[in-house]
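*Asks:* build the 3D model from these lines:
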Amino acid sequence: MNKYAEALHLVREKEPLVQCITNFVTVNDCANIILAAGGSPSMAHDVREAAEAARNARALVCNMGAIEDAPSMILAGKEMNKLGRPVVLDPIAAGGTSLRREVAAELLKEVKFSSIRGNASEIRYLAGQQTAGSGVDVSALDKITEENLKEAAEMVRALAERTGSVIAVSGKLDPYYMFGLIAVASPGWVVGTALGVIMGNALPLRAVSALSVGLYGMFIACIIPEGRKNKIVAGVIIVSFVLSYIFSTLSVLKGISSGIKIMILTVIIATVAAILFPVKEENHE
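*Replies:* Here you go, the predicted model:
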């Protein structure tokens, strides 16, 4: 959730121009979604301007629902590839007709897609498997279930390796998951967010500072006892603090969020510590 919040914050801050080559059924919704997220939509799709429009965009979305605009997708996609900017493909009904099969193959050949999002039938076709999809719907034979999940995961992995794209397969969620999300998780997130607004804006600055100090105090209370018991743990804690400070000051890492830095450090420090100071297994008789 934190990474999503950071990404959304950056979108609202930079207001990126996103070019969409999509069909007339979704063009209005796509434009409104981009505006709601904080971006700026461009729906330029004419083959005479697609590449030129792409030069000003920060991202490109190609929806095969606009099958007649495939040449524009290729021109704009190649331009975005040159600029090193992301291109997303929505392979609507990719295996449905001979025309769509030809266009899907040509798009994958000519354009490097950062991400491909489709339903199970569309992704199965792109992965080279027989699909029974009908239009934009998923066939019952193509659905991903608990029984074929392992096979489907391998299929998606193979497609990701072949295309170099992030593959997203859409589908229905378990209704009980949604019930739980609506009844428990969502209200909790809303209440937590509301409390954050209140605590950060309604309370005096001194109270907010005191709470921040209290949070660090809880962290110290967790690590100090273990550090006092074990010199190796104490050494790892000190090294962690030092490396964390170094990571925060290095200019080459300024483009990486604090959360990613923490994860990188955690993996590095934990791996080195485990290799140098393995925990001896105790024999229980």
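
*Asks:* low-confidence bits of the stretch 1-150 of the chain, can you list those?
*Replies:* Confidence mapping of the stretch 1-150 of the chain against pLDDT under 70 gives the ranges 1-2, 130-142.

*Asks:* where do the strands sit along it?
*Replies:* Using DSSP state E, counting those that start in this stretch, the strands of the stretch 1-150 of the chain run over 17-21, 40-42, 59-63, 87-90, 115-119.

*Asks:* the longest helix belonging to the chain - contacts with which helices or strands?
*Replies:* Secondary structure of the chain per DSSP state H: the longest helix is helix 205-229. Contacts defined by 3 or more Cβ pairs under 8 Å, 6 or more residues apart in numbering; DSSP states H and E place helix 205-229 against helix 186-201, helix 231-249. Any C-beta I mention is one placed from the backbone N, CA and C, and that applies to glycine too.

*Asks:* if we can go back for a sec, can I get the strands of the stretch 1-150 of the chain in JSON lines including distance to residue 279?
*Replies:* Converted to JSON lines, the strands of the stretch 1-150 of the chain look like this (distance: least, Cβ to Cβ, whole Å):
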{"stretch": "strand 17-21", "distance to residue 279": "50"}
{"stretch": "strand 40-42", "distance to residue 279": "54"}
{"stretch": "strand 59-63", "distance to residue 279": "46"}
{"stretch": "strand 87-90", "distance to residue 279": "45"}
{"stretch": "strand 115-119", "distance to residue 279": "40"}
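
*Asks:* quick one, which of those strands is nearest to residue 229?
*Replies:* Closest to residue 229 of those is strand 115-119 (Cβ to Cβ; 47.2 Å).

*Asks:* how big is the angle separating the closest one from strand 59-63?
*Replies:* Interaxial angle of strand 115-119 relative to strand 59-63 (axes from the mean of the first three to the mean of the last three Cα atoms, to 10 degrees): 30 degrees.

*Asks:* which strands and helices sit next to strand 115-119?
*Replies:* strand 87-90, helix 120-126, strand 166-170.

*Asks:* and the helices in the stretch 1-150 of the chain?
*Replies:* Per DSSP state H, counting those that start in this stretch, the stretch 1-150 of the chain has helices spanning 2-14, 27-37, 50-55, 70-83, 98-110, 120-126, 149-163. These are given in chain order.

*Asks:* right, and these - which one's nearest residue 268?
*Replies:* Taking the helices of the stretch 1-150 of the chain one by one with Cβ to Cβ, helix 2-14 is closest: 19.6 Å.

*Asks:* and the strands of the stretch 1-150 of the chain: which comes nearest residue 30?
*Replies:* Among the strands of the stretch 1-150 of the chain, the nearest to residue 30 by Cβ to Cβ is strand 17-21 (5.0 Å).

*Asks:* other SSEs contacting the closest one?
*Replies:* Here strand 17-21 touches helix 27-37, strand 40-42, helix 50-55, strand 59-63, helix 70-83, going by 3+ Cβ pairs under 8 Å, 6+ apart.

*Asks:* ok, now with 10 Å
*Replies:* helix 27-37, strand 40-42, helix 50-55, strand 59-63, helix 70-83, strand 87-90 (3 or more Cβ pairs under 10 Å, 6 or more residues apart in numbering; DSSP states H and E).

*Asks:* so in that sheet, which strands flank the fourth one, and in what orientation?
*Replies:* Partner strands for strand 59-63, per DSSP bridges, with pairing direction: strand 17-21 (parallel), strand 87-90 (parallel).

*Asks:* turn the ones you listed into JSON lines, including mean neighbour count.
*Replies:* Output for those, formatted as JSON lines (neighbours: other Cβ atoms under 10 Å):
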{"stretch": "strand 17-21", "mean neighbour count": "24"}
{"stretch": "strand 87-90", "mean neighbour count": "24"}
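
*Asks:* just send these back as TSV, with distance to residue 115 too.
*Replies:* Shown next, in TSV, are the strands paired with strand 59-63 (distance: least, Cβ to Cβ, whole Å):
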stretch	distance to residue 115
strand 17-21	13
strand 87-90	5
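
*Asks:* just to revisit the earlier point, which stretch in the helices and strands packed on helix 205-229 is the model least sure about?
*Replies:* Set side by side, those give their lowest mean pLDDT on helix 186-201, at a mean of 56.

*Asks:* re the thing from before, for the longest helix of the chain, buried residues please.
*Replies:* residue 227 (16 or more other Cβ atoms under 10 Å).

*Asks:* now the angle from it to helix 231-249?
*Replies:* 140 degrees.

*Asks:* I'd like the average pLDDT over helix 205-229.
*Replies:* On average, helix 205-229 scores 75.
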